[in-house]
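A.B. asks: what's the 3D shape of this:
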Amino acid sequence: MSELKAYAVWDAGTRWFHWLNVLCVIGLMAVGLVILFGRDLGISGDGKVLLKTVHTLIGYVFALNLIWRFIWGFLGNQQARWQSIKIKRGFIGTVRQYLASIRAGRPEQYLGHNPLGRLSVVLLFALLATQMVTGLVLAALTCFFRPSATGLPSGSPHPVLTQGCWSPMPRKCTIARPTRACVSTAKFLARYMSTAFIP
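C.D. replies: Next up, the predicted model:
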């Protein structure tokens with residue numbers, strides 16, 4: 001019987017990304033569900049503000065981690081690089097061949113992702129990038145647009161509202177100045193959206 005041989009496949013940068021991503025996604029889901037069912041759980045308006053702040057902070061960590069992984073796709077080892085998951089000409093044939101090898105009971109062996117794994121990674125990155133962009137857009141809109149619950153027209157550009165305005169039916173809202181992080185996020189998104197989607 002031949003001895004098993006160990007191969008170093010996933011580098012430290014990729015492993016750190018994976019675990020931080022897992023923690024961020026679980027944290028975003030948990031806090032998001034608590035916010036969603038806040039009324040049923042008896043969470044006050046101030047509690048909801050705190051939860052939304054925590055959700056936003058986790059979202060920033062998630063976004064920075066994902067951006068790091070995109071950069072690491074150019075710097076990491078062979079399996080971490082974009083070249084290893086690139087969908088090339090003849091990819092469908094490779095997937096069929098791989099599925100045939102599974103059905104035959106002798107699956108082809110790959111260092112890193114097999115063809116189905118590569119496809120799932122591409123789809124997962126697309127979903128994570130969509131989640132990042134939509135989350136950053138919502139964070140920027142929260143900084144500059146009044147919630148409709150204030151009784152003021154929704155969509156009117158205004159600086160950040162103070163915490164009391166997050167309660168479901170606020171009695172009084174005051175206006176505060178936007179933070180630098182909000183301004184920077186909004187400017188970045190405005191620049192990105194104008195270059196990415198306008199032909």
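A.B. asks: so how far is Leu28 from Ala139?
C.D. replies: 12 Å (C-beta to C-beta, to the nearest Å). Heads up, the C-betas are built off the backbone N, CA and C, glycines and all.
A.B. asks: what does Ala104 give?
C.D. replies: 41 Å.
A.B. asks: repeat for Thr56
C.D. replies: Distance from Thr56 to Leu28, by C-beta to C-beta: 10 Å.
A.B. asks: same question for Gly73.
C.D. replies: Using C-beta to C-beta, we find Gly73 at a distance of 23 Å from Leu28.
A.B. asks: still on that earlier bit, out of Ala104 and Leu28, which sits in the busier spot?
C.D. replies: Leu28 (19 against 9; other C-beta atoms under 10 Å).
A.B. asks: keeping just the C-alphas, turn stretch 67-80 into PDB.
C.D. replies: Only the C-alpha atoms of stretch 67-80 are listed here, as PDB (Å, rounded to 0.1, in the frame of the first residue of the first chain):
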ATOM      1  CA  ILE A  67     -11.200  43.500  -0.900                       C
ATOM      2  CA  TRP A  68      -8.100  41.900   0.700                       C
ATOM      3  CA  ARG A  69      -9.000  38.600  -0.900                       C
ATOM      4  CA  PHE A  70      -9.400  40.300  -4.300                       C
ATOM      5  CA  ILE A  71      -5.900  41.700  -3.900                       C
ATOM      6  CA  TRP A  72      -4.500  38.400  -2.600                       C
ATOM      7  CA  GLY A  73      -5.700  36.800  -5.900                       C
ATOM      8  CA  PHE A  74      -2.700  38.600  -7.500                       C
ATOM      9  CA  LEU A  75      -0.200  38.100  -4.700                       C
ATOM     10  CA  GLY A  76      -1.000  34.700  -3.100                       C
ATOM     11  CA  ASN A  77       0.300  31.200  -4.000                       C
ATOM     12  CA  GLN A  78      -0.700  29.300  -7.100                       C
ATOM     13  CA  GLN A  79      -4.000  28.100  -5.700                       C
ATOM     14  CA  ALA A  80      -5.000  31.500  -4.300                       C
END
